[in-house]
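> Pasting the sequence and the predicted coordinates here, then a few questions.
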Amino acid sequence: MQMATRNNRKKWLLFLKRTILGLAVLIALIGLYMMHPQFGKRPSGERLQRIQLSKQFKGGKFQNSSPTPQLTQPWTVALYDYFFKRSNETSPRHTIPTVDIDWEKLLRQSHGLVWFGHSSYFLRLDGKNILVDPVLSGSASPIPGSVKAFKGADVSTVSALPPIDYLFISHDHYDHMDYKTLKALQPRVGKVIVGLGVGSHLEYWGYRPEQIIEKDWWDEINLGDGFSVTVAPARHFLRPQHIFCQYIMGILCAPDTFHAALFRRGQRLR
């Protein structure tokens, strides 16, 4: 009996050691993976000081302009619904139809629009080339194989784009700020306009400080030739040190937000 007990204890200790070792290796691998540049960089120095002076920065993080709960039901219910009550209609059943873009024809026009999917699009506005939240890598997640583009929505490439005068990034979620796309775009972009804090990622990825225009809510940017932009609030779930924006430039670029009182204020802006 004592021999059996001793053997069981040895087996349990061996199992425990292997489990602890396995967890330690897994944590180490995750830590190494999180060091990949695609995860960006937190603001520091003068950029962080500017963030801390923002009226939107309270309690150590950016705040929405009005209460914006991430869940309207208990998280357990939301988790159950996600796994067991998912609709079959959330993904297209067939390849999304696309058309070839005649860039030469488009660039001869003063105005035009090309939609790449979700919130990614190209604007030809008053003769200027504008790109908004481009995600052209075929994936909207740092985890390989997850959140892949729908078939047909992954046909556009950075190499096919014309030179970009102004690149706008609304916020730093992976389905709006794609590391691979932005790295490839850097030599082709004149200026990139972002909200407070987001410029830290871009500098880390090789963008020059003079390329980056980083602004707070309701700041106005005069880009010359009569072209001006207002950085407006948007409601979404924010990262602590990276603000979420929409842009008003004659039209309203409002990714991942919804109708609220701020829209009525925005309607009075050109």
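Received, thanks.
> just the strands in the stretch 151-270 of the chain please.
In the stretch 151-270 of the chain, the segments counted as strands under DSSP state E, counting those that start in this stretch are 164-168, 189-195, 212-215, 220-222, 228-233, 245-248, 252-253.
> So for Leu13, which of the ones you listed sits nearest?
Counting by CB to CB, Leu13 lies closest to strand 189-195 out of those; the figure is 52.9 Å. No exception for glycine: its C-beta is placed from N, CA and C like everyone else's.
> Please report the number of neighbouring residues for Ser137.
18 (other CB atoms under 10 Å).
> quick one: which of the strands of the stretch 151-270 of the chain is nearest Gly22?
Ranking the strands of the stretch 151-270 of the chain by distance to Gly22, with CB to CB as the measure, places strand 189-195 first at 40.5 Å.
> picking up where we left off before, any idea which of the strands of the stretch 151-270 of the chain is most buried?
Here the criterion is mean neighbour count by mean count of other CB atoms under 10 Å, and of those the winner is strand 245-248, at a mean of 24.
> between the strands of the stretch 151-270 of the chain, which gets the lowest average pLDDT?
Among these, strand 252-253 has the lowest mean pLDDT, at a mean of 84.
> on that earlier part again, okay, the strands of the stretch 151-270 of the chain in a markdown table with distance to Arg86 next?
A markdown table is the format used below for these (distance: least, CB to CB, whole Å):
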| stretch | distance to Arg86 |
| --- | --- |
| strand 164-168 | 32 |
| strand 189-195 | 32 |
| strand 212-215 | 38 |
| strand 220-222 | 41 |
| strand 228-233 | 32 |
| strand 245-248 | 29 |
| strand 252-253 | 30 |
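> which residues of the stretch 151-270 of the chain fall in helices?
Shown for the stretch 151-270 of the chain, the helices assigned by DSSP state H, counting those that start in this stretch span residues 179-185, 199-204, 261-266.
> State the distance from the residue lying closest to Asp154 once chain neighbours are set aside to Thr181.
If the residues on either side of it in the chain are set aside, Asp154 comes closest to Gly138, at 4.3 Å by CB to CB, 6 or more residues apart in numbering. Here the criterion is CB to CB, to the nearest Å. By it, Gly138 lies 10 Å from Thr181.
> out of those two, which sits in the busier spot?
In this view Gly138 and Thr181 are compared by other CB under 10 Å, and Thr181 has more residues nearby, 20 against 16.
> Could I get the contacting residues of that one?
In this structure, Thr181 makes contact with Pro134, Val135, Leu136, Ser137, Val158, judged by CB atoms under 8 Å, 6 or more residues apart in numbering.
> so how many other residues sit close to the residue nearest to the fourth one when sequence neighbours are not counted?
Looking back up the chat, that one is Ser137. Excluding its sequence neighbours, the residue lying closest to Ser137 (CB to CB, 6+ apart) is Lys180, at 4.0 Å. The local packing count at Lys180 equals 15, with neighbours defined by other CB under 10 Å.
> Make 40 the first number, not 1, from now on.
In the new numbering, first residue 40, that becomes Lys219.
> how near is Lys219 to Asp211?
Lys219 is 15 Å from Asp211, by CB to CB.
> Leu118 now?
As defined by CB to CB, Leu118 lies at a distance of 25 Å from Asp211.
> what about the two, which has more around it?
Asp211 (21 against 11).
> Name the nearest residue to the more buried one, sequence neighbours excluded.
For Asp211, the nearest residue in space outside its immediate sequence neighbours is His281; the separation is 4.8 Å by CB to CB, 6+ apart.
> tell me which residues form a beta bridge with the one you found?
His281 has the following beta-bridge partners by DSSP bridges: Arg278.
> residues contacting it?
Taking CB under 8 Å, 6+ apart as the contact definition, His281 lies against Pro82, Phe101, His210, Asp211, Gly234, Leu235, Gly236, Val237, Ser239, His240.
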